[in-house]
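Trainee: Pasting the sequence and the predicted coordinates here, then a few questions.
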Amino acid sequence: MSSLPPSRAASQAERRTSAALRQKNSRPASAIKSPIEENRSTGGPKRKTTTLTTTETKRDVTGQETLVRRTTTRSPLKPNSSNSNEPRSRDGEKPSKPEQGAAKKAPPKSAQSSWNPQASLLPPTTAPLASRVSVPPLASHAPETLRAPSLGNMSLTEQETAIISDLLFVFMGFEGQYIRYQSDYQPLDEKSRLAGPQFRIEYGLDPSLRDLAGSMLKIATHYSAVEAFVEVQSREDFGTVNHALCAAMRKLLKDYLILIAQLEHQTLTNENFTLHQLNLHMKPTAHMMHQLYSVAYEILKENSMLDAEEDLSESDDFENILESLREGRDAGMPGKKVCKGGLVLRHLTRRLQSMSGDPAARQLLTNLLREASKPYMAMLNEWLHHGNVRDPHGEFLIREQKSIRREGLEQDYTDEYWEKRYTVRPELVPPQLETVKEKVLLAGKYLNVVRECGGIDNIKDRNLDARADVPHTFDDPRFAENVSNAYAFANRSLMTLLLTTHALPARLRSLKHYFFLDRSDFFSYFLELTHSELKKSAKNVNTSKLQSLLDIVLRQPGSVAAEDPFKEDVKVVMNDVGLTGWLMRVVNVQGMDADASSLSTYTPAPTSTSGEAEKEISGYEALTLDYAVPFPLSLVVSRVTLTRYQLLFRYLLSLRHLETLLTNSWTEHTKNAVWTKRGARKRTGAEAARDRRAEEWKRRAWCLRSRMLCFVQQLLYFCTSEVIEPNWAAFMARLKVSEDQEEGSGVQQRPGSQKQDAAAAFGASARPASAASKAPVNGEAKRTVDELMQDHVDFLATCLKECMLTNSKLLRINSKVMATCTMFANYTSSLSRYLAAADPESSGTGSTAYDPAKLDKLFSILQQYEDHFSRHLKILLDALNYLAATETVVFLGLCARLSMANEGGLNGGPGPGAYG
């Protein structure tokens, strides 16, 4: 602080004499009004408005009443005030300083001509209540002729009066005569206004007054920053939660301006009103403004509106653009973060928790949180009770992907509608909903499905804001109960819609008939009719012909499928990728979708994208079935789950087809004369050795065929009887529990429900009358739709795993064993021709030529088949035995069954007893 002016050293008597002369004469010489007159000119708490009012106020000055005409101006630096006070300033000129008066009289016209500030109307913004009056000019730009007299020339009382007058202006965000903005403050810069102006007091003020006034300047900084925050955050793109928060802050700022008006009244009517009293009156308000400023600062910091633009990383910019494109919005303002919705409520909640020890701050923040949460609660109630997302600003915790529509499910039903149409935004979940966010998500999803399917009668468009039984703020004690009740109602409604109205159990039973071949009389007939077509290459198969033959078979009288009401939904499709190649893509998936491989990668690309050429497959290997599932059953039987059905179907079909090939090979071995005719018993020498060698080869071929057939039959029995059937029974038992709960829940059923079809799906003619009594009581947990869907997924995943279709090592070894069996079965006719050529006498052709080289080649070929089958089967058994001890014990039974196929031959195994 600089040294005091010389006038401070004057004696007390001289100071009193000087003060008396000033009071007797007119006001101090100045080109503008005195601080007291300017203080009186404040006509109300509103800022940035220019009004002209005339009132008359009587005040006792030096024992006399003087009529004062008050002119309310927007700023104490307005030029018209200097014009009105110019004669009075000349009259009040000090006689001891004539040169100063002359200097002030000399350039008034030039100063006024160069200083002519005018207010202008700003263009409108999306904030409806934002001020549209231009920012007043800085006091530092005003000419010297408009400057106030120095504080050093005033008495202590005059200084206090002038500072009080200035503080009333500063408290409203304006500059005073002696309290100005810091030089680095730019009122036209939005970031500078949001940070709040810093004020400085001119030199010459008494140190005690300076310290007291300086302690109150933070209030002005906080008020200006909060006012700018309210104007900025009230824009449309900041969302309704920010709008509600700004409305609550605006009410508090209005009360603050009323307080300033009351303090101004005190200064005008109370001569004994001091700066210390002003400080005491502003103490509670200072605490309030500090809390508002802290809340605003945290939100602005989250918005990156107080940081330099260089701090924004390119990755954040890229993520924001992608998010905007996914939601179908314009990707404008790249790199700009917006704190809105649940994130604002999260900041308020954390601030409230940290200030729990301050009663005043807790009350203030509780009020702000209550007001800001009202629009968020309106969106939450609309989602919980109607299943709608009314979120035009993207501030709700539920994100809706409008590009994923229900119409797309009819042609290509996938799990995207259920998994991706409605998702949770983790960053917009307020702490009050953190523990129940999954319930909130599922409740709205369930109701959305029910509404799109026609729903039930009591889901109507009602005004939730007017309902008294619905909570509208976070602090309502019914808040958690409201979420739980909405979730229970939505789950019960959708469960009834699936199980009774759309007969989900009957659909699942139909899927089991077609894809798991549990009643496959129709399918065996279908394979016989299509044998000539399916033995072709997959690219040459006529799919329309196969579909026509399937329709004929399904409508065949006496067939199991003839009575199936859903047989029209079964279609024949040909896949371009073999089963092994398809499964290898699934189990070896890597990259961004690796975590979701169990759900989203069961459908490979229709054509190969790799550089390697795909091996051409036959019609048997490419054949699969498709199944049309209507909405909302397509949520349970989605494309993902249906693809799992197709994988199991293709695997069972390959085993059935291989069993048929080996059976045909057995038929060839038992009916062809080359295999059945024995050599003459009376032969000796070389002919007898030749016959024994040929018979030895036949027995080895029969033994290998028998081992292969045993392997295929045991594997097929294991997959159907020990894997699919037990898991299916467990799944249907859990589904039956869900249906029993729905029967006992008392939900109003829609007319025309297909309850009998659901009962028939379980193989029961009618539900017992006591079934409702078996439903759980209110205290027991109810089955949910997501649990039902998860049970279905778990059933299929377990079947795939226990059928060795999810382990890459087992998949490769098993495919090699089956490929060896297939090659041997297809090579049977060639072996017959080779055998006839090697031993012409056994073929009955009458030729006696004998070619030992051909017989040696037959032994060599057979030895290769035996070696491949035995080696790969042994590796498979070792792998199964290891996995049975480490992962699942189910493989132990398969090891015992397949070990029988390892018996016999030159490298036969120890037999089933070795595996318990």
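Mentor: Structure received. Not measured: the values here are computed from a predicted model.

Trainee: Identify each buried residue in the strand or helix carrying Ser524, please.
Mentor: Assigned by DSSP states H and E, Ser524 belongs to helix 521-529. For helix 521-529, a neighbour-count test (16 or more other Cβ atoms under 10 Å) marks Phe522, Phe523, Phe526, Leu527, Leu529 as buried. C-beta here means a position set from N, CA and C on the backbone, and glycine is covered the same way.

Trainee: Next up, the contacts around the fourth one.
Mentor: Leu527 sits next to Leu534, Arg656, His657, Thr660 when contact means Cβ atoms under 8 Å, 6 or more residues apart in numbering.

Trainee: element containing the third one?
Mentor: His657 is part of helix 639-671, with elements assigned from DSSP H and E.

Trainee: and the lengthiest helix in the chain, what does it pack onto?
Mentor: Ranked by residue count under DSSP state H, the longest helix found in the chain is helix 852-886. If contacts are counted by 3 or more Cβ pairs under 8 Å, 6 or more residues apart in numbering; DSSP states H and E, helix 852-886 sits against helix 686-717, helix 808-826, helix 828-838, helix 890-898.

Trainee: Tell me what angle that helix forms with helix 686-717.
Mentor: 30 degrees (axes from the mean of the first three to the mean of the last three Cα atoms, to 10 degrees).

Trainee: looking at it, Ile260 is touching Phe171, isn't it?
Mentor: Yes: contact criterion Cβ atoms under 8 Å: Ile260 and Phe171 qualify, at 5.3 Å.

Trainee: who's more crowded, the two?
Mentor: Phe171 (25 against 21; other Cβ atoms under 10 Å).

Trainee: and the more buried one, how far is that from Met249?
Mentor: For Phe171, the distance to Met249 equals 17 Å [Cβ to Cβ, to the nearest Å].

Trainee: where in the stretch 251-400 of the chain is pLDDT low?
Mentor: By pLDDT under 70, the low-scoring segments of the stretch 251-400 of the chain are 307-336.

Trainee: what do you get for the stretch 551-700 of the chain?
Mentor: 587-615, 669, 672-691.

Trainee: repeat that for 80
Mentor: 558-562, 581-582, 584-616, 665-698 (pLDDT under 80).

Trainee: follow-up on the earlier one: quick check: buried residues in the helix holding His657?
Mentor: In helix 639-671, counting by 16+ other Cβ under 10 Å, buried: 639-662, 665-666, 668-669.

Trainee: quick one: what helix or strand has Tyr223 in it?
Mentor: Counting by DSSP H and E, the element that carries Tyr223 is helix 207-233.

Trainee: other SSEs contacting the next helix or strand after that helix?
Mentor: Next helix or strand after helix 207-233 toward the C-terminus (DSSP H and E): helix 239-269. The elements that helix 239-269 packs onto, with contact taken as 3+ Cβ pairs under 8 Å, 6+ apart, are helix 35-40, strand 56-61, helix 156-171, helix 207-233, helix 275-302, helix 342-354, helix 359-386.

Trainee: I'd like those laid out as TSV, including distance to Ala562.
Mentor: Listed next are the helices and strands packed on helix 239-269 as TSV, based on distance: least, Cβ to Cβ, whole Å:
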stretch	distance to Ala562
helix 35-40	100
strand 56-61	104
helix 156-171	90
helix 207-233	69
helix 275-302	66
helix 342-354	56
helix 359-386	44
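
Trainee: Next, Glu400: phi, psi?
Mentor: Dihedral pair for Glu400: phi -110, psi 120, per degrees, to the nearest 10.

Trainee: Hey, what's the angle from the longest helix of the chain to helix 808-826? Just curious.
Mentor: Using the same axes, to 10 degrees: helix 852-886 against helix 808-826 is 150 degrees.

Trainee: buried sites along helix 852-886?
Mentor: Quick answer for helix 852-886 (16+ other Cβ under 10 Å): 855, 858, 861-862, 865-866, 868-870, 872-873, 875-877, 879-881, 883-884.

Trainee: Equivalent analysis for stretch 236-246, please.
Mentor: Applying 16+ other Cβ under 10 Å to stretch 236-246 flags Phe238, Gly239, Thr240, Val241, Asn242, His243, Ala244, Leu245, Cys246 as buried.

Trainee: out of the contacts of Leu527, which one sits closest to Leu384?
Mentor: Within the contacts of Leu527, the smallest distance to Leu384 is 50.2 Å, found for Arg656 (Cβ to Cβ).

Trainee: The closest one contacts Leu716, doesn't it?
Mentor: Yes: between Arg656 and Leu716 there is a contact under Cβ under 8 Å: 7.0 Å.

Trainee: So, low pLDDT: which residues of the stretch 1-150 of the chain?
Mentor: By pLDDT under 80, the low-scoring segments of the stretch 1-150 of the chain are 1-115, 119, 127-128, 130, 132, 134, 140, 144-145.

Trainee: can you rerun that using 50?
Mentor: Applying pLDDT under 50 to the stretch 1-150 of the chain flags residues 1-13, 15-17, 19-112.

Trainee: Next one: Ile164 from His276, what distance?
Mentor: Ile164 is 10 Å from His276, by Cβ to Cβ.

Trainee: If you count surrounding residues, which of those two has more?
Mentor: Remark: of Ile164 and His276, Ile164 carries more neighbours, 23 against 12, as counted by other Cβ under 10 Å.

Trainee: where does that one land on pLDDT?
Mentor: Listed pLDDT for Ile164 reads 94.

Trainee: List the contacts of it.
Mentor: Per Cβ under 8 Å, 6+ apart, neighbours of Ile164: Asn39, Thr267, Phe273, Thr274, Leu275, Leu278.

Trainee: just the residues you listed now: which is nearest Val226?
Mentor: For the contacts of Ile164, the nearest to Val226 is Leu278 (20.3 Å; Cβ to Cβ).

Trainee: Report how many residues lie close to that closest one.
Mentor: Other residues near Leu278 come to 21 when the count uses other Cβ under 10 Å.

Trainee: now the strands for the stretch 351-500 of the chain?
Mentor: For the stretch 351-500 of the chain, strands defined by DSSP state E, counting those that start in this stretch occupy the ranges 398-400, 422-424.

Trainee: The first one - contacts with which helices or strands?
Mentor: Helices and strands in packing contact with strand 398-400 are listed as strand 422-424, helix 437-452; criterion 3+ Cβ pairs under 8 Å, 6+ apart.
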